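**Q** The following comprises the amino acid sequence and a computationally predicted model.
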Amino acid sequence: MRGHCSKEGGFVVKIKLASVQAALLMSVGLLVGCGEGGGEGPIVPPPPTPMEYADKHMPLDWWGNAEKIEEGRKIYLGQTNPDVNCASCHGKDGKPVKAGATDFRNGQRMKLYSDSAWFWRISEGVPSTKMRGWKSKLSEEDVWKLVLFERTFALPGKAWDEEKKQWVDAGNSGGASTETK
């Protein structure tokens, strides 16, 4: 679609048309960036969990443990250790407040992470992102507490079943380990 050009006003019409086209392109870019998944990109499985983390699993009796979940909430909010404040990037409700942070409310994305993968990412961080590893600041138990709490945003009442390799209702998770390894 082209604007009508006259000798007197042709330049003005072309500038206005270029401005409208630029505004439309910017709008499309914003819509793509703010779509499903919070602008995190396509939902794809995480890379394979490294061997040193692949056999780590949530203690079985922790999945429904309200006390452990509450301890995880305090860690997440930076109340337990002010050096660790997950909410400063991921938001108090799991909705990111900083660009690039994972949206923990996105069940389609979060169900792709096993308990081991989640533990790995909290411990080691994510390369080429602002997500740093927290293993120097958190004990293994504290990392598991974070996994417990963070999964409540998108996977409440779910537990990782290692035999089925999927999230199941917490009462049906027969394959999870009974101890941290």
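**A** Happy to help now that I have it.
**Q** Near K164, how many other residues are there?
**A** Using other CB atoms under 10 Å, K164 has 12 other residues around it. Yep, even glycine has a C-beta here, placed from its N, CA and C like the rest.
**Q** Next: the one 5 residues further on.
**A** As a burial measure, the neighbour count of D169 was computed by other CB under 10 Å and equals 11.
**Q** can you give me the helices for the protein?
**A** Ranges of helices in the chain, per DSSP state H, are 10-33, 51-54, 66-76, 87-90, 107-110, 115-124, 140-150.
**Q** List the neighbours of the fifth one that are in contact with it.
**A** In this case it means helix 107-110. Under the contact criterion CB atoms under 8 Å, 6 or more residues apart in numbering, helix 107-110 has outside partners 37, 40, 43, 102-104, 151, 153-155.
**Q** wait, W134 sits on V143?
**A** Yes - counting by CB atoms under 8 Å, V143 is a contact partner of W134 at 7.0 Å.
**Q** Show me which of these two is the more surrounded one.
**A** A direct count of neighbours by other CB under 10 Å for W134 and V143 places V143 higher, at 23 against 20.
**Q** What residues does that one make contact with?
**A** Neighbours of V143 in contact, by CB under 8 Å, 6+ apart: 119, 122-123, 134-135.
**Q** Greatest separation within those residues: which pair is it?
**A** For the contacts of V143, the farthest-apart pair by CB to CB is F119 and W134; their separation is 10.7 Å.
**Q** State the distance from the residue most central in space within the chain to R121.
**A** Nearest to the mean C-alpha position of the chain, by CA atoms, centre = their mean, lies T102 at 2.6 Å. Between T102 and R121 the distance is 9 Å, computed by CB to CB, to the nearest Å.
**Q** who touches both of these two?
**A** Counting by CB under 8 Å, 6+ apart, the contacts common to T102 and R121 are M131.
**Q** got a list of what the closest residue to Y113 other than its chain neighbours touches?
**A** Leaving aside its sequence neighbours, Y113 sits nearest to P46 (CB to CB, 6 or more residues apart in numbering; 5.8 Å). P46 sits next to 112-113, 117, 121 when contact means CB under 8 Å, 6+ apart.
**Q** where in the protein is pLDDT low?
**A** Residue ranges of the chain with pLDDT under 70: 1-39, 172-181.
**Q** Domain map for it?
**A** Per automatic domain parsing, the structural domains of the chain span 1-34, 51-172.
**Q** Could you verify my assumption that W62 touches V147?
**A** No - the pair W62 / V147 is not scored as a contact, 9.1 Å apart, by CB under 8 Å.
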